[in-house]
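1. Fold the stuff below for me.
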Amino acid sequence: MKLYYLLMPDSPSTMKLQEHLLKEGIKSTLAPTPREADHCCGVCILYRNPDDKVKIQEVLEREGIASDGFWEGEDRRDPKRNKFL
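-> This next block holds a predicted model:
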């Protein structure tokens, strides 16, 4: 399964954008920036619907919030993590 990220230049911009996305009804969350993304800011926006990319770009432009671009990667969560049996 693919995960979709919006890489951001700094934490305050990330939190500001997240507020706007929630108001717009775009399902997203703050997440640690994946190591594979090779990006300096430690937090980014994670969204699961690839169709939301256009909506997110519109919010960025309308609100004048800078971003460092979109990135996508595979979901590498281990479903057996913290399972002891």
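2. check contacts around the closest residue to residue 11 other than its chain neighbours.
-> Take residue 11 and drop its neighbours on the chain: the residue closest to it by C-beta to C-beta, 6 or more residues apart in numbering is residue 43, 5.3 Å away. Every C-beta, even on glycine, is put in place using the N, C-alpha and C of the backbone. Neighbour list for residue 43: 8, 11, 14, 30, 31, 32, 33 [criterion: C-beta atoms under 8 Å, 6 or more residues apart in numbering].
3. pLDDT below threshold where in the protein?
-> Scanning the chain with the threshold set as pLDDT under 70 gives 76-85.
4. And the strands in it?
-> 2-7, 29-32, 43-47, 69-74 (DSSP state E).
5. winner for burial among those strands?
-> Mean neighbour count, computed with mean count of other C-beta atoms under 10 Å, is highest for strand 43-47 among these, reaching a mean of 21.
6. So which residue is dead centre in the protein?
-> The centroid of the chain falls nearest to residue 45 when counting by C-alpha atoms, centre = their mean (2.0 Å).
7. in the sheet, who's paired with it?
-> residue 6, residue 30 (DSSP bridges).
8. these two touch, right, it and residue 21?
-> Yes: under the criterion of C-beta atoms under 8 Å, residue 45 makes contact with residue 21 at 7.0 Å.
9. Common neighbours of these two, please.
-> Joint contacts of residue 45 and residue 21 (C-beta under 8 Å, 6+ apart) are 28, 56.
10. that older thread, with distance to residue 60 as extra columns, can I get the strands of the chain in TSV?
-> Below are the strands of the chain laid out as TSV (distance: least, C-beta to C-beta, whole Å):
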stretch	distance to residue 60
strand 2-7	8
strand 29-32	16
strand 43-47	10
strand 69-74	10
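11. In this protein, where's the longest helix?
-> Longest helix in the chain, counting residues (DSSP state H): helix 11-24.
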